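S.K.: The sequence and its predicted three-dimensional model are supplied below.
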Amino acid sequence: MKRIIVLSAVLLLVTVGMAWAGTEAYKLVMSKDSKLCAEILKLFNADTKKYGEVRYEQHELFAQLKWRSYETGEKTYGCEILRYAIFDINNDETEDLVIKYSACLRSQLSDSLFVFPSDSDVLSRLKPGPDGWAPMFTAPNQFNRPGGFYSLSELDPAQNEGNRVAIGGVFKLNPFIWNKTSYVSMTDLFPEWVVIAKYLREDKFQDVCYLHGPTFRPLESQ
């Protein structure tokens, strides 16, 4: 039986980039693991101050997961990337096949993660059609369901002027392993909020860290 992380994008965003507003760095506003959250905070702040963004692939924490591109030799259409890796994403001591599907919304790549048993033959059954991979990941009762926002349920609304907080639209999902435990870093196109969470099952997570940074502003189209 296949299992799924559903974090699909539903907003159409027209910006082509972002700029870091000022020099303010992320702050840790929720932590259930002081060592992990401090490590992530340090890494994200260093990258953000230097580059204006987090460069996940340049850090062993993220790069140790060996994502492989999936190619069928057939022509695909549109802006899509399909990658996969084998690792224990839900920390049950059993390896999983994790598919990372990234597709564009108005030129911005949005990530979804799909989880299957490690011996699943799902990859051999994927065949892109005239519209690329998209129908396989959006058809009812297939790999997805309606959705598009992730609520920061562990955040006290008093910490955000009484408002509930959610990330969504264009998702940026980056699994990693720390101290032999798997986590997922989750944010969106304007990464004011970052969630570090453990994946449990289906679309359920256990939030471990919340990072909050200054507001990002769109860059003007060239």
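M.R.: Cool, the structure landed. Numbers count the residues shown, from 1 in each chain.
S.K.: downstream neighbour of the biggest helix by length in the chain in the secondary structure list?
M.R.: Determined from DSSP state H, the single longest helix within the chain is helix 34-51. Later in the chain than helix 34-51, the nearest helix or strand by DSSP states H and E is helix 60-63.
S.K.: elements contacting that following helix?
M.R.: On a contact count with 3 or more CB pairs under 8 Å, 6 or more residues apart in numbering; DSSP states H and E, helix 60-63 meets strand 171-178. For every residue, glycine as well, the C-beta is placed using N, CA and C.
S.K.: Tell me what angle the strand it packs on forms with helix 34-51.
M.R.: Between the axis of strand 171-178 and that of helix 34-51 there is an angle of 130 degrees, by axes from the mean of the first three to the mean of the last three CA atoms, to 10 degrees.
S.K.: Look at V184 and say how many residues are nearby.
M.R.: Counted with other CB atoms under 10 Å, residues neighbouring V184 total 20.
S.K.: got a list of what it touches?
M.R.: 5, 89, 113, 173-176, 196-199, 205 (CB atoms under 8 Å, 6 or more residues apart in numbering).
S.K.: just curious, which of those is nearest to K100?
M.R.: Of all these, K100 sits closest to L113, with 5.7 Å by CB to CB.
S.K.: For the helix or strand the closest one falls within, the averaged confidence score.
M.R.: Assessed by DSSP H and E, L113 sits inside strand 108-117. Across strand 108-117, pLDDT averages out at 87.
S.K.: List the strands paired with it, with their directions.
M.R.: Here strand 108-117 has these sheet partners by DSSP bridges: strand 3-5 (antiparallel), strand 96-105 (antiparallel).
S.K.: Distance from it to the middle of the chain?
M.R.: 8 Å (CA atoms, centre = their mean, to the nearest Å).
S.K.: quick one: which of the strands paired with strand 108-117 has the weakest pLDDT on average?
M.R.: strand 3-5 (a mean of 44).
S.K.: Find the nearest non-adjacent residue to the residue nearest the centre of the chain, please.
M.R.: Per CA atoms, centre = their mean, the C-alpha nearest to the average position across the chain is that of L173, at 1.1 Å. In space, L173 comes closest to D111 once its chain neighbours are excluded; the distance is 4.1 Å by CB to CB, 6 or more residues apart in numbering.
S.K.: Now do the same contact list for that neighbour.
M.R.: 7, 100-102, 171-173.
S.K.: rerun that using 7 Å as the cut-off
M.R.: Residues in contact with D111 (CB atoms under 7 Å, 6 or more residues apart in numbering) are 100, 102, 171-173.
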